[in-house]
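Student: 3D model of this:
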Amino acid sequence: MTKFGELINVEKPVLIDFYFDWDDEENNLDTLKDVAAALGDKAKVIKIDIQKNEILADTLRVKGNPTFMIYKNGEMKWRQTGEQDANTLIGLVQEYV
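Tutor: Reported below is the predicted structural model:
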């Protein structure tokens with residue numbers, strides 16, 4: 001597994017979706033696929049299972065499902081808990097491209 005610091009310490013924005021496995025994963029996965037397709041190589045889109053990464057989730061104080069974060073150059077730029085549609089996420093990430 002890649003270390004979290006290596007994932008977020010890049011020049012392009014990184015959208016992270018922290019999720020629980022029992023979530024409506026199919027719907028959320030489709031949303032993230034749409035976001036990734038729209039952004040292409042301008043940004044990274046990553047899903048992180050909270051249950052499999054409890055220490056990381058606790059460290060970042062992830063309490064809700066899903067929790068989205070945008071990082072750029074290792075710095076958190078945006079964070080929100082709750083469902084987001086693809087267009088909203090695309091627009092948010094594009095602010096940091």
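Student: partner residues bridging residue 19?
Tutor: Residues in a beta bridge with residue 19, per DSSP bridges, are residue 49.
Student: any idea how far residue 12 is from it?
Tutor: Going from residue 19 to residue 12 by C-beta to C-beta, to the nearest Å gives 22 Å. C-betas here are computed from N, CA, C, even on glycine.
Student: so for those two, which residue has more residues nearby?
Tutor: For residue 19 versus residue 12, neighbours defined as other C-beta atoms under 10 Å are more numerous around residue 19 (22 against 15).
Student: give the buried residues for the longest helix seen in the chain.
Tutor: The longest helix of the chain (DSSP state H) is helix 25-39. By neighbour count on 16 or more other C-beta atoms under 10 Å, the buried set for helix 25-39 is 28, 31-32, 34-36, 38-39.
Student: now those residues in CSV, with distance to residue 4?
Tutor: Listed next are those as CSV, based on distance: C-beta to C-beta, whole Å:
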residue, distance to residue 4
28, 20
31, 22
32, 18
34, 25
35, 20
36, 19
38, 25
39, 20
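Student: pick out the lowest-pLDDT one from the residues you listed.
Tutor: In terms of pLDDT, the weakest of the buried residues of helix 25-39 is residue 28, which scores 68.
Student: show me what residue 70 is bridged to.
Tutor: Applying DSSP bridges, one finds that residue 70 bridges with residue 15, residue 78.
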